[in-house]
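1. Sequence and computational prediction follow.
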Amino acid sequence: MIYTVTFNPSLDYIVRMDKFTAGAINRVNYEQVLAGGKGINVSIVLKNLGHESTALGFLAGFTGEEIKDQLKGFGVKSDFVQLEKGFSRINVKAKADCETEINGQGPDISEAKREELFAQLDKLQEGDTLVLAGSIPKTLPDDIYQKIMARLDGKGIRIVVDAEKNLLLNVLQYHPFLIKPNNHELGDMFGVKLTTDEEIITYAKKLQEKGAQNVLISMAGDGAILLTAEGKSYKCPAPKGKLINSVGAGDSMVAGFITGYMESEGDFEKAFHMGVATGSASAFSENLATRPEVEALLKTIA
């Protein structure tokens, strides 16, 4: 079974306008409200690709109910810990001549509620896949990823981590199956600016030296690079298409990789291509990738 954890889910209010002017009234010509959060995106795309998962994390208030209802509409199973106070955050994604994001804080999460999530994760079994993705709210400890991975260490659970800087670096000692930084995040981890594939590979290998098994680096329009635990490296250019929506593209890549890995019985190259096609399919659409969109792009790169 596949499980995803989103510590700080959101309702994403997505708007488009011809031009955004600060300090003035701006009128939109497109708007949509979608359940958001990296783990949630992974679960939705997995379902679109034909695979079941259970979305875990924390929800609160009227926004939490809407997130839960939207996931049900997508056919995604969920088992969120319900918080008694506050509401799940609202994120504004404004797209005009440039993209602007305003992200909410999220509700307070007590230690007791945190333990409820830990109890859920304790039920995972050998062979299960767990996706830990995204930022954490300020009311959770900075080492929450570490605590979870230490708790599950040695149980034979395939863990995928998609998080920034220290959240990611601090869990490498537990040998996650897959990590997915983008090229900018990779450079930020080591305080360098990466400009070539060779530099990206060099620093991705440093993450393997720290404990990561497989490293998938997304590079937006430049495609992606995969380094495997067996020492192989793969590069794939991005498929051609018009960028419409970058939100969720990286999460879609993770879902595509997991799908490709499962369906090919562990073929990393096929998993990699499926990941690139899925990430691109989401980037070329108003919504998250669907199976037909992914398969159409896959024919152009595989």
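-> Thanks, I have the structure now. Residues are numbered from 1 along each chain as shown.

2. Val15 - that's part of a strand, no?
-> Yes - the assignment for Val15 is a strand, going by DSSP: H, G, I helix; E, B strand; the rest coil.

3. That one contacts Lys93, doesn't it?
-> Yes - Val15 lies in contact with Lys93 (C-beta atoms under 8 Å); the separation is 7.1 Å. No exception for glycine: its C-beta is placed from N, CA and C like everyone else's.

4. wait, is Val160 part of a strand?
-> Yes - the assignment for Val160 by three-state DSSP puts it in a strand.

5. how many neighbours does it have?
-> 25 (other C-beta atoms under 10 Å).

6. just Thr195 next, same as before
-> Residues lying near Thr195 (other C-beta under 10 Å) number 10.

7. Can you tell me the SS state at it?
-> coil.

8. Distance-wise, check it relative to Leu186.
-> Plainly put, Thr195 is 12 Å away from Leu186 if you go by C-beta to C-beta, to the nearest Å.

9. How about Leu132?
-> 18 Å.

10. do Ala163 as well
-> Taking C-beta to C-beta, one finds Ala163 at 13 Å from Leu186.

11. neighbour-wise, which of the two wins?
-> Set Ala163 next to Leu186 and count neighbours by other C-beta under 10 Å: Leu186 wins out with 25 against 22.

12. Point me to the helix or strand that includes the more buried one.
-> Using DSSP states H and E, Leu186 falls within helix 183-190.

13. What segments of the stretch 201-302 of the chain are helices?
-> 249-263, 268-283, 291-301 (DSSP state H, counting those that start in this stretch).

14. got JSON lines for the ones you listed, with distance to Ala35 and mean pLDDT too?
-> Shown next, in JSON lines, are those (distance: least, C-beta to C-beta, whole Å; pLDDT from 0 to 100):
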{"stretch": "helix 249-263", "distance to Ala35": "12", "mean pLDDT": "96"}
{"stretch": "helix 268-283", "distance to Ala35": "15", "mean pLDDT": "96"}
{"stretch": "helix 291-301", "distance to Ala35": "20", "mean pLDDT": "93"}
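
15. Of all the ones you listed, which one is nearest Asp97?
-> The minimum distance between Asp97 and the helices of the stretch 201-302 of the chain falls on helix 268-283, with 18.5 Å, by C-beta to C-beta.

16. what touches both of Ala163 and Leu186?
-> Common contacts of Ala163 and Leu186 (C-beta atoms under 8 Å, 6 or more residues apart in numbering): none found.

17. if I look at the nearest residue to Gly256 once chain neighbours are set aside, how far off is Lys38?
-> Nearest non-adjacent residue to Gly256, counting by C-beta to C-beta, 6 or more residues apart in numbering: Thr278, 2.6 Å away. The gap separating Thr278 from Lys38 is 14 Å, by C-beta to C-beta.
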